[in-house]
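1. Sequence and computational prediction follow.
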There are 2 protein chains.
Amino acid sequence: MGTCWWKVIFVLSSISLSIAFEYKKEKFAVPLDHFSFVSNETFSIRYLINETYSANNPSAPILFYTGNEGDIELFAQNTGLMWDFAEKLGATLVFAEHRYYGQSLPFGNNSYDSPQHLGFLSSEQALADFSLLLEYLNPSTFSLAKKKRPVIAFGGSYGGMLSAWLRMKYPHVVVGAIASSAPIFQFTNLTACDAFNRILTSVFATAFPGNSFCPSNVRKSWDVMRQVNNNLKSASPEGRTTLNRNFKFCKGLNTTDDLAKFEDYLSDVYGNIAMMNYPYSTNFIANLPGYPVRAFCNNLRKSLNDTELIEALQLSLSIYSNSTGKAKCLDIDSSYDSNLGDEGWDFQSCTEMVMPMCSNGKTDMFQPKAWDFDAFSNNCFKKFGVRPRLQQAIVNYGGFDLDGASNIFFSNGLLDPWSGGGVLRSPNDKIKIMIIPESAHHLDLRSANPADPTSVIEARMYEFNTIKDWIKSHWE
Amino acid sequence: MGTCWWKVIFVLSSISLSIAFEYKKEKFAVPLDHFSFVSNETFSIRYLINETYSANNPSAPILFYTGNEGDIELFAQNTGLMWDFAEKLGATLVFAEHRYYGQSLPFGNNSYDSPQHLGFLSSEQALADFSLLLEYLNPSTFSLAKKKRPVIAFGGSYGGMLSAWLRMKYPHVVVGAIASSAPIFQFTNLTACDAFNRILTSVFATAFPGNSFCPSNVRKSWDVMRQVNNNLKSASPEGRTTLNRNFKFCKGLNTTDDLAKFEDYLSDVYGNIAMMNYPYSTNFIANLPGYPVRAFCNNLRKSLNDTELIEALQLSLSIYSNSTGKAKCLDIDSSYDSNLGDEGWDFQSCTEMVMPMCSNGKTDMFQPKAWDFDAFSNNCFKKFGVRPRLQQAIVNYGGFDLDGASNIFFSNGLLDPWSGGGVLRSPNDKIKIMIIPESAHHLDLRSANPADPTSVIEARMYEFNTIKDWIKSHWE
């Protein structure tokens, strides 16, 4: 399968973690297949646990992160909100790793080598892992009179989808779920395929209020680069010199495919800096300055001729690709390294997590690109030997119909491209909705920071009070 | 595995159906495995559909039977309540066959030949089949403004467990569920293993008010037969003659194993006539007279010596084994023929549907028999190559904790041995409970009959009004 340009949005690169929080690392055996009995095999998922705040309180709440597509330590270190809440609530912290990511590999290094090994990677199996782990950590009392400890699920992005679904499918294991930036409507027929890019573009358009040159320049840049590429194809020294000199590629572009790869890289970068458009510098999926979209747009907020545009784009890119100022060249392979997390999400996208994406070049700053399900499906079959099950997510998790659900808190930042697939309206009074105007992708899940916008601070307060209500109801 | 004495309670023998209701028979393709992607195989489940009452009304309700362990036509013919309700509601009727039963065999006649084939038999897979079928019959509208048709799930016994679980796990596909005689608490640590036999015995004790000789005589009969058997073992012609002459076995007893087989047969019969203790003659799992427990106890309601006891027992048994009066001999293989339905439920009992059973000979009329999980597990491994997953039903479906559930109507007859594992108290105002003093096993699901007790008539009215409320709420 060709690299999907929206892929990296969910990919977590292997940036070295700055360890702010500490925990014990544990293993827990789960069935390879929870729902069939062809095999009795088991394997271990990893989880992190910290009991500092709960001490020996047998009724202390448990704050439980439903791990998504990456090493669980990354999420533990970037979900400071749970640590803040755990201290206030006297709660135990648990971060559970999603099967097939990090160190939770059913077949070790062979986990990704065939459909026979990879086939047990699904959201349903992951939720069953989490439920079984919770039964171990917080056993059923088998008594109507004696209650278990209240568990609150947390998650961001796909992890937020999982926390919501855990509450929907296993309401007996979690009394409520905080689902931050969880695009549970990002499926076929639920959300327009261009929503992500439209919102992404609006973030670039509003980086400097009243000045929308930045997305216009980006939109123009694709054609400019194509023109240069056409020169490249005819082996024009001028074209090659221009691009390679400007962008300082580690491996110079030589073919149209190389250019397409660079275009994918750029699209990934734009998505990533919009998602990570936090008010302070972070290193969650890249080392980024505060408000990176603004930093990126700084050089692009005026009319530029072709030459100026390429120079400005290169300069802008460096905030993402060369934050240290020490990189000697631009490595466009690096944002989509074929690491496990990446490959795993690709497989999930090819089976049940099919999220149609497209662009039109008008309401967004990208090249027009239709959503071609057949081509997508063929690529999946070529790469993994599987075809997408288009209906599965909707039939299994309900699509728009959340009437039967309760005790889920959906938060979405309006600066987050994923908010288009988020739950923005409540179907009933047991589903809480928080729209956070000044938040990018699950900023509310991070630790409090002096640079936090007011709306994020308010969201966290609302989340905290909602959790307290859930816990109170649990004991009633 | 030795025959489990409580097994037949769930077994549906192949009695010829009296066809009272008509329908189209259809097939629907489902994935062999909904939750993993090792295989892309599909197969067809069968369903029955009748649209007489809904005509072409595009918003007509759908009454949906969640098929349990047997041929779906048997359930369609014995769930007259749905037909009565469909007429009143102008509803479409659908009866969906459970995978691995009836004609819904993933691997045809080879479906039961190995764990590789049988492994995809699970309640979770069956629920996913039902949901996918409902998405086909009643597609998502992909619009918050346009609602789907309201679907009400129905089921009795294991089918009732499935209807409740369908609502719990897939609230977006069914607006409510009627779960009749659904022992969703009949799992380890939830319900005492002797509950079933205790209740069964009480049914025998109250067949003739103020006269409890019947269960006492049954309790005594085990020892009497053992004594005769001891004579048999020493080849006493007298013992053999006594038993074989009295019971007219098609194959005479020769060994202790033969006697054990007969004991299993008797236990099965007692369970079956208690479950089917309907006020009028039926042929659901056997041809039985009205109030068969009373008919059985008629000859046993006085003090009897050993010889009299055996003679009376034989006479009583004939109401079950020789309802036509034409049987020449007693075939004790017939109640546990190894038909598909039987084998399938055995497998489900050996994987996730582990329902501990025991007897003590004091509060029940059986021989003392402890619940021996290890022996049970070893037998499962020997027979199927699988070990029970004891926690699965509880972790997956929640055990006692139904706080997150809504719109389920649990009805239980107090004459039903399974009521011990039923939901008899409501956790919240969205779960409706109906205890029916005069009902045996899901009598409320049958067509109205002049012999119906008042409490059953009332239960049906309450069920009907509850369904109307669910449908009304759906459209609001």
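-> Looks like it arrived, so ask away. Numbers count the residues shown, from 1 in each chain, chains lettered A, B, ... in the order given.
2. burial measure for the residue of the stretch 301-450 of chain A found nearest chain B, as a count.
-> In the stretch 301-450 of chain A, no residue comes nearer to chain B than residue A:404, which is 2.4 Å away by CB to the nearest CB. From N, CA and C alone the C-beta is placed, and that goes for glycine too. Using other CB atoms under 10 Å in any protein chain shown, residue A:404 has 24 neighbouring residues.
3. ditto for residue A:29
-> Neighbour count for residue A:29, taken as other CB under 10 Å: 11.
4. One more: the one 10 residues further on?
-> Neighbour count for residue A:39, taken as other CB under 10 Å: 15.
5. Could you measure from it over to residue B:121?
-> Using CB to CB, to the nearest Å, residue A:39 is found at 14 Å from residue B:121.
6. And for residue A:457?
-> Counting by CB to CB - residue A:457 and residue B:121 are separated by 52 Å.
7. Look at those two and report which has more neighbours.
-> residue B:121 (25 against 15).
8. Leaving aside the residues adjacent along the chain, what's closest to that one?
-> The spatially closest residue to residue B:121, leaving aside those adjacent along the chain, is residue B:100, at 4.4 Å (CB to CB, 6 or more residues apart in numbering or on different chains).
9. Would you enumerate the residues in contact with the one you found?
-> B:106, B:111-112, B:118, B:120-121, B:340, B:344 (CB atoms under 8 Å, 6 or more residues apart in numbering or on different chains).
10. just residue A:303 next, same as before
-> Applying CB under 8 Å, 6+ apart, the residues near residue A:303 are residue A:213.
11. Please read off the pLDDT at it from the model.
-> With respect to pLDDT, residue A:303 has a value of 96.
12. which SS class is it?
-> Here residue A:303 is coil, with the state taken from DSSP: H, G, I helix; E, B strand; the rest coil.
13. Tell me the residues of the stretch 351-476 of chain A that contact chain B?
-> Within the stretch 351-476 of chain A, the positions near chain B by CB under 8 Å from any CB of the partner chain are A:351, A:386-387, A:389, A:391-392, A:394-396, A:398-407, A:425.
14. Ok, the stretch 101-250 of chain A next?
-> Neighbours of chain B within the stretch 101-250 of chain A, by CB under 8 Å from any CB: A:115-116, A:118-122, A:124-125, A:128, A:131-132, A:135, A:140, A:142-144, A:148, A:167, A:169-173, A:189-190.
15. again, only using 7 Å
-> On the criterion CB under 7 Å from any CB of the partner chain, chain B has as its neighbours in the stretch 101-250 of chain A the residues A:115-116, A:119-120, A:122, A:124-125, A:131-132, A:135, A:140, A:142, A:144, A:169, A:171-172, A:189-190.
16. Just the buried ones among the residues you listed, please.
-> With burial judged by 16 or more other CB atoms under 10 Å in any protein chain shown, the buried subset of those is A:115, A:119-120, A:122, A:124-125, A:131-132, A:135, A:140, A:169, A:171-172, A:189-190.
17. Of those residues, which belong to helices?
-> Secondary structure from DSSP state H places A:115, A:124-125, A:131-132, A:135, A:169 of these in helices.
18. Now tabulate those in TSV and tack on pLDDT and distance to residue A:315.
-> Formatted as TSV, these follow (pLDDT from 0 to 100; distance: CB to CB, whole Å):
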residue	pLDDT	distance to residue A:315
A:115	88	45
A:124	98	46
A:125	98	46
A:131	98	50
A:132	98	51
A:135	97	54
A:169	98	48
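19. picking that back up, just the buried ones among the residues of the stretch 101-250 of chain A next to chain B now: which is nearest chain B?
-> Nearest to chain B, judged by CB to the nearest CB, of these is residue A:171 at 2.4 Å.
20. Tell me the spacing between the closest one and residue B:398.
-> Distance of residue A:171 to residue B:398, computed by CB to CB: 7 Å.
21. Then residue A:411?
-> Distance, residue A:411 to residue B:398, by CB to CB: 27 Å.
22. ditto for residue A:427
-> Residue A:427 sits 22 Å away from residue B:398, taking CB to CB as the criterion.
23. If you count surrounding residues, which of these two has more?
-> Taking neighbours as other CB under 10 Å, residue A:427 and residue B:398 compare with residue B:398 leading, 21 against 15.
24. The more buried one and residue A:172 touch, don't they?
-> Yes: Residue B:398 is within contact range of residue A:172, at 3.5 Å (criterion: CB atoms under 7 Å).
25. Okay, buried residues for stretch A:35-47 please.
-> For stretch A:35-47, using 16+ other CB under 10 Å, the buried residues are A:35-38, A:43-47.
26. just the helices in the stretch 201-350 of chain A please.
-> Using DSSP state H, counting those that start in this stretch, the helices found in the stretch 201-350 of chain A span residues A:213-233, A:237-247, A:256-275, A:292-297, A:306-321, A:340-351.
27. What ranges does chain A have for its strands?
-> Applying DSSP state E to chain A gives strands spanning A:24-31, A:42-50, A:62-66, A:92-96, A:151-156, A:176-180, A:408-413, A:431-436.
28. Distance from the first one to the middle of the chain?
-> Relative to its parent chain, strand A:24-31 has a centroid offset of 24 Å by CA atoms, centre = their mean, to the nearest Å.
29. per-residue confidence averaged over it?
-> The average pLDDT within strand A:24-31 is 98.
30. relative to strand A:42-50, how tilted is that strand?
-> Relative orientation of strand A:24-31 and strand A:42-50, computed by axes from the mean of the first three to the mean of the last three CA atoms, to 10 degrees: 150 degrees.
31. Can you name every helix or strand that strand A:24-31 contacts?
-> Here strand A:24-31 touches strand A:42-50, helix A:123-137, going by 3 or more CB pairs under 7 Å, 6 or more residues apart in numbering or on different chains; DSSP states H and E.
32. Same list, the ones you listed, but as CSV with distance to residue A:375 please.
-> Output for the helices and strands packed on strand A:24-31, formatted as CSV (distance: least, CB to CB, whole Å):
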stretch, distance to residue A:375
strand A:42-50, 34
helix A:123-137, 24
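33. And these: which comes nearest residue A:298?
-> Residue A:298 lies closest, by CB to CB, to one member of the helices and strands packed on strand A:24-31: strand A:42-50, at 38.4 Å.
34. send the alpha carbons of that closest one over as CSV?
-> Output of strand A:42-50 as CSV, limited to C-alpha atoms (Å, rounded to 0.1, in the frame of the first residue of the first chain):
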residue,chain,number,x,y,z
THR,A,42,-2.4,-16.7,25.8
PHE,A,43,0.1,-13.9,25.8
SER,A,44,0.9,-11.0,28.1
ILE,A,45,-0.1,-7.4,27.8
ARG,A,46,1.8,-4.8,29.7
TYR,A,47,0.4,-2.3,32.2
LEU,A,48,1.8,0.4,34.4
ILE,A,49,0.6,1.0,37.9
ASN,A,50,1.1,3.6,40.5
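35. Give me the sheet partners of that strand and which way each runs.
-> Here strand A:42-50 has these sheet partners by DSSP bridges: strand A:24-31 (antiparallel), strand A:92-96 (antiparallel).
36. and the angle from it to helix A:123-137?
-> Strand A:42-50 runs at 60 degrees relative to helix A:123-137, counting by the same axes, to 10 degrees.
37. who's in contact with strand A:42-50?
-> Taking contacts as CB atoms under 7 Å, 6 or more residues apart in numbering or on different chains, the residues outside strand A:42-50 that touch it are A:22-32, A:72-73, A:76, A:92-97, A:99, A:102-104, A:106, A:129, A:133.
38. try it again with 6 Å
-> A:23-32, A:76, A:93-97, A:99, A:103-104, A:106, A:129 (CB atoms under 6 Å, 6 or more residues apart in numbering or on different chains).
39. same deal with stretch A:346-358?
-> A:6, A:118, A:121, A:186, A:188, A:193-194, A:196, A:369-371, A:380, A:384, A:386, A:388-390, A:392-393, B:37.
40. Check those for burial and list the buried ones.
-> Buried among these by 16+ other CB under 10 Å: A:6, A:118, A:121, A:186, A:188, A:193-194, A:196, A:369, A:380, A:384, A:386, A:388-390, A:392-393, B:37.
41. Inside helices: which ones of those?
-> In helices, judged by DSSP H, the following of the buried ones among the contacts of stretch A:346-358 are found: A:118, A:196, A:380, A:384, A:392-393.
42. Nothing else from me, thank you.
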